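# Predicted model and sequence below, questions to follow.
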Amino acid sequence: MPTRPEGELLWIHVNNRNRFPALCDLAQRLTTVRPGLSLLFTIPADTRTDDWQIPSGLVSVLPEDHPVAARRFLNHWTPDMCLWSGGGLQPNLIDEAEQTGLPMLLIDVTERDLTTRRHRWLPDLTRTVLDCFEVILASDEATARHLRRSGIAATKVRVAQPLQVSANPAPWPEDELATVNAALGGRPVWLSAWTQAKEFISVLTAHRFALRLLHRALLIVHVADRDEAAPLRERLERMDLRCTDWDNGTTIDDHAQVVISADPEDLGLWYRVSPLTFMGSSLEPGAGGRDPLTAVALGSALLYGPNVRNHIDTYVRLASAGAARSVRDAEALGSEVVHLLAPDAAAAMALAGWQAVTETAHLTDQLIELVQDLLDRERAEHAHT
């Protein structure tokens, strides 16, 4: 096993790959607010560490559920806290951890996690294992009732929505934002973010359609690949669309119909000035989509294509909240752009998105506070031993 890092170590177990992005997001935020905290992610024994890419920390396969293997794992890592996500509970490992006094938190647990065939045959063992956790965050009230009926103290059980990736956009200089807004002069503006080269024709076709009805409409194209900015500029010239190259320092004037931008950092500006964003890397197969949460958090209504497998849960959540709509081709994109660029048309979607993102951030903040409290208590106890 790899060497244990010095200082505090948070052990995070990921039982389900779908929960992994949200746990990575949580972990990054924790290391920001708690300097010196190291991370150990454990994954199911039937998976490979190479398949789990994390921004920071270590990844290890969960040991077999045998007392000897459990003690070896715990003695080597000596974690300061365990955050266990979902089911796949290992009785021997959890019992050995509880005997060491390790504070443990179970999150994102569903009734299905607790009613597998394995747990139905051993209800007393399941209750004993669950009782090792100091706090259990059930995904819904039905799961909470199941836990309480199983004999878990009501004070341990709380209901919390499943952990989601939360947006944390960086601030933007107010003077530059004011200058760009003044240059836009109240024009209808939409953004195509992370646009792949093979999406250019669809996005530009949609914009030409919009221009027939909204003559002052302005499209900001953020290209996913910097090297594609020059070919895009040439294509715009052939299409007789007047463009501004933002990265070359060209200012936006009233005659510009398209702005080209390649710097990912500038998306923080474009999301703020664009009431409508099409999230590229989604219209054609291959790229798998991009995380839309920053756009939504900064007040932009959202359009996206059908190919968003890398962030499908986030898009489904936003679409269900009324904050995002899917389009299949250039014609549908153009129609939605015209509809949503009408005065106040995108406002309801933007509000729904802001509410969804704010709720997610609040839940994440609560979980961070709970983890901090348990780590602080563990640190204080070690200081007195």
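Right, received. Where do you want to start?
# hey, let's count contacts and neighbours off CA atoms from now on
OK.
# And the strands in the stretch 201-350 of the chain?
218-223, 243-245, 258-261, 276-279, 301-304, 324-326 (DSSP state E, counting those that start in this stretch).
# Could you dump those into a markdown table with distance to Leu62, mean neighbour count and mean pLDDT added?
Putting the strands of the stretch 201-350 of the chain into a markdown table (distance: least, Cα to Cα, whole Å; neighbours: other Cα atoms under 10 Å; pLDDT from 0 to 100) gives the following:
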| stretch | distance to Leu62 | mean neighbour count | mean pLDDT |
| --- | --- | --- | --- |
| strand 218-223 | 41 | 25 | 98 |
| strand 243-245 | 51 | 20 | 95 |
| strand 258-261 | 45 | 22 | 97 |
| strand 276-279 | 37 | 27 | 98 |
| strand 301-304 | 37 | 27 | 97 |
| strand 324-326 | 38 | 21 | 97 |
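# Output those strands in TSV, with distance to Ala348 appended to each entry.
As requested, those are arranged in TSV below (distance: least, Cα to Cα, whole Å):
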stretch	distance to Ala348
strand 218-223	21
strand 243-245	30
strand 258-261	26
strand 276-279	12
strand 301-304	8
strand 324-326	11
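# Now do the buried residues in stretch 329-349.
Asp329, Ala330, Leu333, Gly334, Glu336, Val337, Val338, Leu340, Leu341, Ala346, Ala347, Met349 (16 or more other Cα atoms under 10 Å).
# what does it contact?
With contact meaning Cα atoms under 8 Å, 6 or more residues apart in numbering, stretch 329-349 is reached by 188-190, 202-203, 205-207, 209-210, 213-214, 275-276, 283, 300-303, 305, 322-324, 327.
# Just those residues: which are in helices?
Ser202, Val203, Thr205, Ala206, His207, Phe209, Ala210, Leu213 (DSSP state H).
# out of all of them, which helix in the chain is the longest?
helix 347-383.
# Of all the residues in that one, which ones are buried?
347, 349-357, 360-361, 363-365, 367-368, 371, 374-375, 378.
# same check, this time on stretch 90-104
Applying 16+ other Cα under 10 Å to stretch 90-104 flags Gln90, Pro91, Asn92, Leu93, Ile94, Asp95, Glu96, Ala97, Glu98, Leu102, Pro103, Met104 as buried.
# Alpha carbons of that stretch, as PDB, please.
Provided in PDB are the C-alpha atoms of stretch 90-104 (Å, rounded to 0.1, in the frame of the first residue of the first chain):
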ATOM      1  CA  GLN A  90     -18.600  -4.400   5.000                       C
ATOM      2  CA  PRO A  91     -19.500  -5.500   8.500                       C
ATOM      3  CA  ASN A  92     -16.000  -6.600   9.600                       C
ATOM      4  CA  LEU A  93     -14.300  -3.500   8.300                       C
ATOM      5  CA  ILE A  94     -16.900  -1.200   9.800                       C
ATOM      6  CA  ASP A  95     -16.900  -3.000  13.100                       C
ATOM      7  CA  GLU A  96     -13.100  -2.900  13.400                       C
ATOM      8  CA  ALA A  97     -13.200   0.800  12.500                       C
ATOM      9  CA  GLU A  98     -15.800   1.500  15.200                       C
ATOM     10  CA  GLN A  99     -13.600  -0.300  17.800                       C
ATOM     11  CA  THR A 100     -10.800   2.000  17.100                       C
ATOM     12  CA  GLY A 101     -13.000   5.000  17.900                       C
ATOM     13  CA  LEU A 102     -13.000   6.200  14.300                       C
ATOM     14  CA  PRO A 103     -15.900   8.700  13.700                       C
ATOM     15  CA  MET A 104     -17.900   7.500  10.700                       C
END
